[in-house]
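1. The sequence and its predicted three-dimensional model are supplied below.
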Amino acid sequence: QVQLVESGGGLVQVGGSLRLSCAASGRTFSSYAMAWFRQAPGKEREFVARVALSGDSTYYADSVKGRFTISRDNVENTVYLQMSNLKREDTAVYYCAAELRLGDYDCWGQGTQVTDSS
């Protein structure tokens, strides 16, 4: 199986930037796509971004397009989420997920909190 550990969350002001990391172990990292999701207080978990196996293809939710960048390092077995121009509504717990089977996010990290400090 796969184990995922997120890091990099914290307090950030509106308009600021933050980079989240998700370290993977277990199954060969380059054999599955990766994604980020988030869950704000009182809301359902929502999709944020996805990166394909080799990192050459990415997809974003409309709410973060142009502000967030997902990337992966298949040597370091890590996926990143660079967040810029943060808005108050970006406050949430952010989770990375492994798409071990096409369309199925089978494995999740424990989450990392991103909070607006304004």
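-> Good, I have the coordinates.

2. Do I have it right that Trp36 meets Thr69?
-> No. Using C-beta atoms under 8 Å, Trp36 is not in contact with Thr69; the gap is 10.7 Å. Every C-beta, even on glycine, is put in place using the N, C-alpha and C of the backbone.

3. Nearest spatial neighbour of the spatially most central residue of the chain, chain-adjacent residues omitted?
-> With distances taken as C-alpha atoms, centre = their mean, Trp36 lies nearest the centre of the chain, 2.9 Å away. Distances taken as C-beta to C-beta, 6 or more residues apart in numbering place Val48 nearest to Trp36, at 4.3 Å, with adjacent residues excluded.

4. burial of the one you found, as a residue count?
-> If you count neighbours by other C-beta atoms under 10 Å, Val48 ends up with 24.

5. Report the separation between it and Arg38.
-> Distance, Val48 to Arg38, by C-beta to C-beta, to the nearest Å: 5 Å.

6. Which residues are in contact with each of those two?
-> The overlap between the contact sets of Val48 and Arg38 (C-beta atoms under 8 Å, 6 or more residues apart in numbering) consists of Tyr94.

7. Alright, I will stop here.
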